[in-house]
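Q: Sequence plus the predicted model coming up.
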Amino acid sequence: MFHWLEQRPFFFAVMLFLTVAFAGFIEIIPDFAKASQPVVGKKPSTILQLAGRQVYIKDSCNACHSQLIRPFKAETDRYGMYSLSGEYAYDRPFLWGSKRTGPDLHRVGNYRTTEWHENHMMDPAAVVPGSIMPKYPHMFTNLADIATAYANASTQKAVFGTPYDQKGMPKLGTWKEAKAQALADAKKIASEMKNQQVKDMVAAGKVPEIVALIAYLNSLK
Amino acid sequence: MKKMVIGGIILIVVLMAATFFMAGDAFQGDDYINALTMLGALAIISITIATALKYVNQIKNDTATGELADENWDGIGEFKNPIPSGWGIIFIGTIIWMLWYFFIGYPTNQFSQIGQYNDEVNEYNSKFKDKWKNPSKETLEAMGESTFLVQCSPCHGVDAEGIDGKAQDLTHRISKKQVLYTIKHGQHYLNYAMGAMPPLMAQGADAEAIATYVAGGLKGEAPAAFATCASCHGPDGKGMNGMAPNLKEYDETLVKHVLENGKKGSIGTMPSFKGRLNETQQKAVAAFLSSIKAE
């Protein structure tokens, strides 16, 4: 048999290549089919939540807070159920973070409330003694960028096929509709808040950053 | 030949001596892993040199024999000898092992991160159950305090006083304002066996009287209007053995119901802590709360 092979070098080289490549094929090809599937019931962020997400990114929350609960008992005791890859299916970009100076926030919506975030963002040390988190009073006056959030969502829908406007999913619609929806969501958040200045701004049709951020944090479940 | 063997033995001794000189203290102390590693090093030295000697000897003295194959390449021929039987056995063994590993070994023994997590949790939970089967009051209070500091203090404050009204002051049961609010709005979050409390069971001066009496810790003569409350909360306000919320203090049932269902009241919203604390920890939090009660 080997004498026969040794006399046909080209055939031998092709067979050798196929033999070696086989291991590569069975390792690589299944990964193409296993693209990240959203977990059942996962919805993309609404416009207001996306605006809050932009605030989260702008103020570098992800530099100190992770959004990834690892499957260890110590972590699940404190933060809740471990994270699944399908939960990040609509995150663009993902905000896993790489260092925990503060606690993980992946399910912070389960155990903190609007009122708590309001008190905490104004002065963290007043709520959590010894906290080194800086104060973020500017979020109570700066306006959230709803227009960019709408552009962001529209782009994700057009380019990545994020399922906005589908049955049971958040509605995008036209810019006018989206703006009205975001304001309605903001009014709901503001009604649970205590800060009169924020309430007045929302009533006047403006959305401060803190409202958008709280909407985003409450959506982390 | 003799010279080579003697040279080999000298080399072995020199290498062993050098190893012992550099790392001989591995045999001292009671850590047997270090000693084992040293023994391994000594074995490697002797096996390597003995094998090298064998093959050098073979190169020097052996001659090839057997039937020549027909082909030759530029005068270089090839014997038709079969492969050594040891190699053959290992080769076939590898193929059999490959089939086993491909179809049985890998699929049935795959490492699972989530499986490891589940094992960890189950082991911890059963240990926890065994260890705190009959906890004493002191144990429960200590456990309750540490649980409180991790899970509850971010809102209720480390002193449990509610951070200047931002959350419920857990050293007191209920304030007059809260009683009035609950009478006005009812309460349907706690899922007690008695059901939801309807709004506006009492009004005006009656509500005021009830609020003053309940906020004062149900001391002295109950106002006549309290009879409305007593039909569910009991004449002593203690909730008829867990059928309705205890108005006098935070008992186990009340703590459990609030943790499971969350709550919405005059201060704001408390999220549900369902599944975050186990039963012993809920009891512990209740024990801790009754230990810090302000008189």
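A: Yep, it's here. Residues are numbered from 1 along each chain as shown, chains lettered A, B, ... in the order given.

Q: what's the burial count for B:Ala142?
A: Residues contacting B:Ala142 under the criterion other C-beta atoms under 10 Å in any protein chain shown number 16. C-beta here means a position set from N, CA and C on the backbone, and glycine is covered the same way.

Q: err, B:Phe20, not the other one
A: The burial count for B:Phe20: 15, using other C-beta under 10 Å.

Q: try the one 4 residues further on
A: Residues near B:Gly24, counting by other C-beta under 10 Å, number 11.

Q: for it, phi and psi?
A: Main-chain torsions, B:Gly24, degrees, to the nearest 10: phi -70, psi -20.

Q: Could you tell me the model confidence score at it?
A: The per-residue pLDDT reported for B:Gly24 equals 77.

Q: quick check: longest helix of the chain.
A: No chain was given, so I picked chain A. The longest helix of chain A (DSSP state H) is helix A:9-33.

Q: Correction: the question concerned chain B.
A: Under DSSP H, chain B gives helix B:32-61 as its longest helix.

Q: Show me what it packs onto, helices and strands only.
A: Counting contacts by 3 or more C-beta pairs under 8 Å, 6 or more residues apart in numbering or on different chains; DSSP states H and E, helix B:32-61 is packed against helix B:2-23.

Q: Please spell out which residues along stretch A:88-99 are buried.
A: Buried residues in stretch A:88-99, counting neighbours by 16 or more other C-beta atoms under 10 Å in any protein chain shown, are found at A:Tyr88, A:Ala89, A:Tyr90, A:Arg92, A:Leu95, A:Gly97.

Q: Kindly reformat those as TSV containing distance to A:Pro71, pLDDT and secondary structure.
A: Formatted as TSV, the buried residues of stretch A:88-99 follow (distance: C-beta to C-beta, whole Å; pLDDT from 0 to 100; DSSP: H, G, I helix; E, B strand; the rest coil):
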residue	distance to A:Pro71	pLDDT	secondary structure
A:Tyr88	15	91	helix
A:Ala89	19	88	coil
A:Tyr90	22	91	coil
A:Arg92	25	88	coil
A:Leu95	19	94	coil
A:Gly97	17	91	coil
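
Q: tell me the SS of A:Ile132?
A: Recorded secondary structure, A:Ile132: coil (DSSP: H, G, I helix; E, B strand; the rest coil).

Q: Who are the contact partners of it?
A: A:Thr101 (C-beta atoms under 8 Å, 6 or more residues apart in numbering or on different chains).

Q: can you map out the helices along chain A?
A: A:2-6, A:9-33, A:47-58, A:73-79, A:108-111, A:114-122, A:124-127, A:146-160, A:175-191, A:196-203, A:209-219.

Q: From chain B, how far off is the residue lying closest to A:Lys157 once chain neighbours are set aside?
A: Take A:Lys157 and drop its neighbours on the chain: the residue closest to it by C-beta to C-beta, 6 or more residues apart in numbering or on different chains is A:Tyr164, 4.6 Å away. According to C-beta to the nearest C-beta, to the nearest Å, A:Tyr164 and chain B sit 28 Å apart.

Q: again with A:Val159
A: Remark: distance between A:Val159 and chain B (C-beta to the nearest C-beta) = 32 Å.

Q: Now do the phi/psi pair for the closest residue to B:Thr269 other than its chain neighbours.
A: Once flanking residues are discounted, B:Thr269 sits nearest to A:Thr113: 4.7 Å by C-beta to C-beta, 6+ apart. Backbone torsions for A:Thr113, taken as degrees, to the nearest 10, come to phi -120, psi 170.

Q: Return the residues in contact with the closest residue to chain A within chain B.
A: Residue nearest to chain A within chain B (C-beta to the nearest C-beta): B:Tyr117, separated by 3.8 Å. For B:Tyr117, the contacting residues are A:Pro71, A:Phe72, A:Lys73, A:Thr76, A:Tyr82, by C-beta under 8 Å, 6+ apart.

Q: So for stretch B:56-64, what gets flagged as buried?
A: Buried, per 16+ other C-beta under 10 Å, within stretch B:56-64: nothing.

Q: Can you spell out the domain ranges of the chain, please?
A: You didn't pick a chain, so chain A it is. A:2-33, A:47-219 (automatic domain parsing).

Q: oops, I was thinking of chain B
A: With domains defined by automatic domain parsing, chain B comprises B:1-59, B:137-291.

Q: Could you export the ones you listed to CSV, including columns for distance to B:Phe79?
A: Output for the domains of chain B, formatted as CSV (distance: least, C-beta to C-beta, whole Å):
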stretch, distance to B:Phe79
domain B:1-59, 16
domain B:137-291, 74
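
Q: winner for burial among the ones you listed?
A: Of all the domains of chain B, domain B:137-291 has the most neighbours on average by mean count of other C-beta atoms under 10 Å in any protein chain shown, namely a mean of 17.

Q: tell me the most buried of the domains of chain A?
A: Comparing those by mean neighbour count (mean count of other C-beta under 10 Å), domain A:47-219 comes out on top with a mean of 18.

Q: secondary structure element for the one residue sitting closest to the centre of chain B?
A: The centroid of chain B falls nearest to B:Val121 when counting by C-alpha atoms, centre = their mean (5.2 Å). Per DSSP states H and E: B:Val121 is located in helix B:113-131.

Q: tell me which residues in that helix are buried?
A: Across helix B:113-131, burial judged by 16+ other C-beta under 10 Å covers B:Tyr117.

Q: Give me every residue in the stretch 1-150 of chain B lying close to chain A.
A: Taking C-beta under 8 Å from any C-beta of the partner chain as the contact definition, the stretch 1-150 of chain B meets chain A at B:Ala69, B:Glu71, B:Gln113, B:Ile114, B:Gln116, B:Tyr117, B:Glu120, B:Val121, B:Tyr124, B:Val150.

Q: do that again at 10 Å, thanks
A: Listed as neighbours of chain A in the stretch 1-150 of chain B under the rule C-beta under 10 Å from any C-beta of the partner chain: B:69-71, B:73, B:78, B:102, B:113-118, B:120-125, B:150.

Q: Name all residues that make contact with residue 65.
A: Since you didn't name a chain, this refers to chain A. A:56, A:95, A:97, A:99-106, A:108, A:133 (C-beta atoms under 10 Å, 6 or more residues apart in numbering or on different chains).

Q: that's the wrong chain, I meant chain B
A: Taking C-beta under 10 Å, 6+ apart, one finds B:Phe79, B:Asn81 in contact with B:Thr65.

Q: returning to that earlier point: which ones among the contacts of A:His65 come in contact with chain B?
A: A:Pro103.

Q: Any idea how far apart the tips of stretch B:232-247 sit?
A: In stretch B:232-247, first residue to last residue: 11 Å (C-alpha to C-alpha, to the nearest Å).
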